[in-house]
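Asks: all I have is the shape, not the residue letters:
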């Protein structure tokens, strides 16, 4: 059965609750928490929203939602990631297993290649999950793009090192590194990522190294915990939201933005290589709140 969009739930809520009394704002808070905005964020937002609506006598559904959107825009930020021509750019793609990380690397590779990036190389730096190497190599074949891979169990940082050298030999380009995501073995994972981080930082040209976290748009508040772990480990530059087509919620982008100040770079919304688009905060919030 298809999930009900969060915007539809909001629409139903406004249809049922006609009085803009205290109970209305309390139940609106509950609904927004259900939408993965995070309790602390929601209580602050709705408190401000209630005060504004009362002082300015705002009662219409669209007007209330526009007030809510204007506040959410303070947290939901977009970033435009453009590799610098003629330089070694490295994007380390992070995330727990199962969020669509390897597929996201392939989508990014196609996106940048189709956008005119002269040299795009994928690096199979998740060397502990054999299927991850084979999966990335299959994507490489389908996209007709090079994949740098070592044997199963090899040093992931060595894979990134070699991929960076390959891009450098071509006079610049972009390395997209697929990394491990074994969060249950957190200490080992963090050490591994920090080693890759040091190598990537030394091999990329100044300002050309970015760390991107892939978050499954359906995971809810688990996404906030994942962002915290990876951000503490290596420092994140942006988020990629996957499975956006199937989510009934989507507020996680605002929660991550508010908690950590991390912007969103891309949304992935399907299975195809072209099912990726740069993130647009305005459009995202219109969809989330049903204002489109």
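Replies: Alright, I've got the coordinates. Every value quoted in this text rests on a predicted model; they were computed, and no experiment measured them. Numbering: from 1, shown residues only.

Asks: can you pull out the helices in the stretch 51-200 of the chain?
Replies: In order along the chain, the stretch 51-200 of the chain carries the following helices (DSSP state H, counting those that start in this stretch): 61-72, 101-114, 130-143, 156-169, 186-203.

Asks: report the rounded mean pLDDT for the longest one.
Replies: So the one you mean is helix 186-203. pLDDT averaged over helix 186-203 equals 92, rounded to a whole number.

Asks: quick one: contacts for residue 83?
Replies: Under the criterion of Cβ atoms under 8 Å, 6 or more residues apart in numbering, the contact list for residue 83 reads 89, 91, 112, 117, 173, 174, 208. C-beta: built from backbone N, CA, C; applies to glycine.

Asks: deepest in the core, which of the helices of the stretch 51-200 of the chain is it.
Replies: Neighbour counts averaged per stretch over the helices of the stretch 51-200 of the chain are highest for helix 101-114, at a mean of 22; criterion: mean count of other Cβ atoms under 10 Å.

Asks: angle of that one against helix 130-143?
Replies: Interaxial angle of helix 101-114 relative to helix 130-143 (axes from the mean of the first three to the mean of the last three Cα atoms, to 10 degrees): 20 degrees.

Asks: can you list contacts of helix 101-114?
Replies: Contacts of helix 101-114 with the rest of the structure, by Cβ under 8 Å, 6+ apart, involve 83, 91, 93-95, 120, 122, 126, 132, 135-136, 139-140, 142-143, 145, 174, 176-179, 181, 214, 240, 242, 266, 268, 271, 273-276.

Asks: follow-up on the earlier one: among the helices of the stretch 51-200 of the chain, which is nearest residue 256?
Replies: Minimum separation from residue 256 across those (Cβ to Cβ) falls at helix 61-72, 12.4 Å.

Asks: phi, psi for residue 270 please.
Replies: phi -170, psi -170 (degrees, to the nearest 10).

Asks: hmm, back to that, separate out the buried members of the contacts of helix 101-114.
Replies: Taking 16 or more other Cβ atoms under 10 Å as the criterion, what is buried in these is 83, 91, 93-95, 120, 122, 126, 132, 135-136, 139-140, 143, 145, 174, 176-179, 181, 214, 240, 242, 266, 268, 273, 275-276.

Asks: okay, and which of those map to strands?
Replies: With strands taken from DSSP state E, the overlap with the buried ones among the contacts of helix 101-114 comprises 91, 93-94, 120, 122, 174, 176-178, 214, 240, 242, 266, 268, 276.

Asks: any idea which of those residues is closest to residue 160?
Replies: When these are compared for distance to residue 160 (Cβ to Cβ), residue 177 wins out at 5.1 Å.

Asks: do I have it right that that closest one meets residue 89?
Replies: No. Contact criterion Cβ atoms under 8 Å: residue 177 and residue 89 do not qualify, at 11.1 Å.

Asks: which residues does the residue nearest the centre of the chain contact?
Replies: To find the centre residue of the chain, average its C-alpha atoms and take the closest one (Cα atoms, centre = their mean): that gives residue 240, at 2.2 Å. Going by Cβ under 8 Å, 6+ apart, residue 240 touches 93, 104, 108, 212, 213, 214, 215, 264, 265, 266, 267, 268.

Asks: mind redoing it with 6 Å?
Replies: In this structure, residue 240 makes contact with 104, 212, 214, 266, judged by Cβ atoms under 6 Å, 6 or more residues apart in numbering.

Asks: so how far is residue 223 from it?
Replies: The gap separating residue 240 from residue 223 is 11 Å, by Cβ to Cβ, to the nearest Å.

Asks: one more: residue 266?
Replies: 15 Å.

Asks: go on, residue 181?
Replies: With distances defined as Cβ to Cβ, the gap from residue 181 to residue 223 amounts to 13 Å.

Asks: same check on residue 39?
Replies: For residue 39, the distance to residue 223 (Cβ to Cβ) stands at 15 Å.

Asks: equivalent analysis for residue 287, please.
Replies: Using Cβ to Cβ, one obtains 18 Å as the distance from residue 287 to residue 223.

Asks: who's more crowded, the two?
Replies: Shown here are residue 287 and residue 223; by other Cβ atoms under 10 Å, residue 223 has more neighbours (26 against 17).

Asks: which SS class is the more buried one?
Replies: Under the three-state scheme (DSSP: H, G, I helix; E, B strand; the rest coil), the conformation of residue 223 reads as helix.

Asks: what residues are up against residue 180?
Replies: With contacts defined as Cβ under 6 Å, 6+ apart, the neighbours of residue 180 are 126, 128.

Asks: so what pLDDT did it get?
Replies: At residue 180, the pLDDT recorded in the model is 90.
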